[in-house]
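Asks: 3D model of this:
(one chain, ligands or ions: 3)
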Amino acid sequence: MAEQSKKIDKSTIIEKPPKEFQHPQESLLRKKAIPTIYCPGCGIGTTINAFLEAISKYCQIPHDQLFVVSGIGCTGRASGYVNLDGFHAIHGRAIPFASGVEIAKPPMKPVIISGDGDLFSIGLGHLAHAARRNIDMTVICVNNAIYGLTGGQDAPTTPVGAKSRTTPYGKISFPFNLSHIAIANGATFCARYTVYEYIQLSKAIARGMNHQGFSFIEVISNCHVNFGRRNNLGDAVAMRQMFKKARKRMNEEDIGLDYHKTDIIFEAGKGFTRIPTGIFLEERDEPEEFSERIIDAYEFKK
Ligand SMILES: Cc1ncc(C[n+]2csc(CCOP(=O)(O)OP(=O)(O)O)c2C)c(N)n1
Ligand code: SF4
Ligand SMILES: [Mg+2]
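Replies: Ligands and ions are numbered 1, 2, ... in the order given. Below is the predicted model:
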């Protein structure tokens, strides 16, 4: 018996993939930190990949001018997995940290990758003021409608009727529309895509990064483990199929000034049934971004 239990089932061994199957963004990943903590199929991996594709294919900013900051959460681990300068900040403080980098070293482009809980619960005040000041940074917010890392407590994005660890009978308070909040506070670029719309997401990230000023990209993502499971939404593939059906492409003309048109609809028992996506705002006549205004003020006084 003892002999038998020592036998190894070779079918379970994962062999090192051959060179041709290596990750296409291999040079931009911090190999020492991998494997990631992510559950297989999690949309955060898709988002990180979309960001890496944005900076290697669609956006001209030199990589040594990028600075990636995250807060705390599953999404908050992102800064540790990318092979760029960056900082893993404390909960809710990614934006003030990035603001310091931008103001002290304006050629740097801070990119914040963090979660809906980190940026819109504890971090909401910081986000609102950075948007108001039009600080030149790109915020990529993974909205999975839940606190994933801590086991599925409700977030400010958890929809009415949705079950979570802290709302076992269904949530009763209304959720935030994150894109609406970013625009209302002064963001000068705003886009939303689901993780199903990978190419559009990657291009929107690059467009947001090329924009001078505060740009916000909301990524509707699947936490099938802590949100999907409790709401009978199936696995990662089923949730992405739901996103495919629910997405509704909208542009600035469709929306006008009524940002409630971008509200997301969730129906208990059915899941997400309407997710407006697209570039919601791109101010071409951009107000001067914050560090330029600081330099102007300083030059004026000299
Ligand atoms: C000051 C402080 N309060 C609370 C926590 C616990 N905490 C860690 S992550 C998190 C929420 C993360 O949610 P989200 O940003 O949506 O990330 P996700 O895991 O869903 O990607 C909370 C409340 C903490 N780490 N620090
Ligand atoms: S708990 Fe949810 S958000 Fe966190 S890695 Fe797993 S699927 Fe992704
Ligand atoms: Mg979350």
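Asks: bridge partners for residue 248, pull those for me.
Replies: Taking DSSP bridges as the rule, residue 248 bridges to residue 276.
Asks: angles on the backbone of residue 113, please.
Replies: phi -120, psi 110 (degrees, to the nearest 10).
Asks: check contacts around it.
Replies: Listed by Cβ atoms under 8 Å, 6 or more residues apart in numbering, the contact set of residue 113 reads 47, 48, 51, 68, 69, 70, 75, 78, 79, 140, 142. Just so you know, the C-beta spots here come from the backbone N, C-alpha and C atoms, and that holds for glycine as well.
Asks: just the closest of those to residue 285, please.
Replies: residue 140 (24.4 Å; Cβ to Cβ).
Asks: any idea how far ligand 3 is from the closest one?
Replies: Taking Cβ to the ion, to the nearest Å as the measure, residue 140 falls 13 Å from ligand 3.
Asks: ok, then the element right after the helix-or-strand element of the chain with minimal mean pLDDT?
Replies: Counting by mean pLDDT, DSSP states H and E, the chain has its least confident helix or strand at helix 2-5, which shows a mean of 50. Using DSSP states H and E, the helix or strand that follows helix 2-5 in sequence is helix 43-53.
Asks: by contact count, what packs against that following helix?
Replies: helix 78-81, strand 109-115, strand 137-143, helix 198-210, strand 214-220 (3 or more Cβ pairs under 8 Å, 6 or more residues apart in numbering; DSSP states H and E).
Asks: need the contact list for the closest residue to ligand 1 within the stretch 201-302 of the chain.
Replies: Nearest to ligand 1, among the residues of the stretch 201-302 of the chain, is residue 223, at 6.0 Å (Cβ to the nearest ligand atom). By Cβ under 8 Å, 6+ apart, the contact set of residue 223 is 42, 43, 74, 144, 145, 146, 148, 152.
Asks: put together TSV for these, with neighbour count and distance to residue 125 on each row.
Replies: Output for the contacts of residue 223, formatted as TSV (neighbours: other Cβ atoms under 10 Å; distance: Cβ to Cβ, whole Å):
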residue	neighbour count	distance to residue 125
42	23	28
43	28	26
74	27	23
144	31	22
145	28	21
146	29	22
148	28	22
152	21	25
